[in-house]
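Engineer: My questions concern the predicted model and sequence given below.
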Amino acid sequence: MQNITFPISLQFKISSISNDFTATDSKGKIIAYVKQKLFKLKEDILIFSDQSKTEQLYRIKADKWLDFSAAYAFFDKDGKEFGKIARKGWKSIWKAQYTILDENQNIQYTVSEENAWAKVGDSILGQIPIISMLTGYLFNPSYIVKNTKDKEIVRLRKLPSFFGRNFEITKEGPMDSDDDDRILLGLMMMILLEKNRG
């Protein structure tokens, strides 16, 4: 996913039984089609260049069975691992928190939810019939990616929507060209884990 122009729009299909979405850049160019394999004990996500699924760019695989503290490794098209995103276990119950690591398991970035109250409000009102349908407009979480110097790099936010699941990634600071794929893949995996909230 090179020469990307921000912001990036991520849109889930509402007509598909699969957990998949399309990523497009600010010029409307499709930069990735993300498809999650269903009925897997371990998360297995394939990233293609477009919806034709003729060219697979990356793969993301969980290192544990359906575990909320699992790590998700990134693989290139040759099957070489080049990083991962890991959820911070119990810390994520109140406020979603993740770390993005490089191929040597060194932490490069942290991803954290900016407003934990969006999670609380969605959890409470999401249990009430009829009102639960409106939470997609009322509670829209956002997440910030920071480097090891606590500088903001990228922001991911959920856009208000009724049936669809629409997200936007904006660039907030300079990004190392070697890390852009790790950041974007990390956010894509995180969306699959967090998208049903809000």
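Structural biologist: On my side now, so go ahead.

Engineer: residues in contact with the residue nearest to A32 when sequence neighbours are not counted?
Structural biologist: Leaving aside its sequence neighbours, A32 sits nearest to A23 (CB to CB, 6 or more residues apart in numbering; 4.3 Å). Yep, even glycine has a C-beta here, placed from its N, CA and C like the rest. Contacts for A23 (CB atoms under 8 Å, 6 or more residues apart in numbering) come out as I8, S9, L10, I30, I31, A32, Y33, V34, L184, M188.

Engineer: ok, now with 10 Å
Structural biologist: 1, 4, 8-11, 29-34, 47, 167, 169, 184, 187-188, 191 (CB atoms under 10 Å, 6 or more residues apart in numbering).

Engineer: do the same with D102
Structural biologist: Here D102 is in contact with F82, G83, K84, Q108, Y109, D178, D179, R182 (CB under 10 Å, 6+ apart).

Engineer: picking that back up, and the buried ones among the contacts of A23, selectable in PyMOL?
Structural biologist: Restricted to buried positions by 16 or more other CB atoms under 10 Å, the PyMOL selection for these reads:
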select buried, resi 1+4+8+9+10+11+31+32+33+34+47+167+169+184+187+188+191
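
Engineer: Narrow the contacts of A23 to those in helices?
Structural biologist: Here DSSP state H is the test, and the contacts of A23 give L184, L187, M188, I191 as lying in helices.

Engineer: quick one: the second one from S52, how far?
Structural biologist: Look at L187 and S52: by CB to CB, to the nearest Å, they are 23 Å apart.

Engineer: likewise the last one?
Structural biologist: When distances are taken as CB to CB, I191 and S52 turn out to be 22 Å apart.

Engineer: what about the closest residue to L46 other than its chain neighbours, how many neighbours?
Structural biologist: Setting aside the residues directly before and after it, L46 is nearest to K35 in space (CB to CB, 6+ apart), at 5.1 Å. Using other CB atoms under 10 Å, K35 is surrounded by 18 other residues.

Engineer: quick one: low-confidence parts of this structure?
Structural biologist: Along the chain, the parts satisfying pLDDT under 70 run over 1-2, 15-18, 39-41, 64-69, 89-94, 116-139, 162-164, 196-198.

Engineer: try it again with 50
Structural biologist: Within the chain, the ranges that satisfy pLDDT under 50 run 198.

Engineer: And the strands in it, which stretches?
Structural biologist: 8-12, 19-24, 30-36, 44-48, 56-62, 71-76, 81-87, 97-101, 107-113, 142-147, 152-158, 166-171 (DSSP state E).

Engineer: what's near enough to touch K195?
Structural biologist: L10, F12, N19, F21, P141, K158, R165, F167.

Engineer: Correct me if wrong: Q51 contacts Q11.
Structural biologist: No - if you go by CB atoms under 10 Å, Q51 and Q11 don't touch, sitting 11.6 Å apart.
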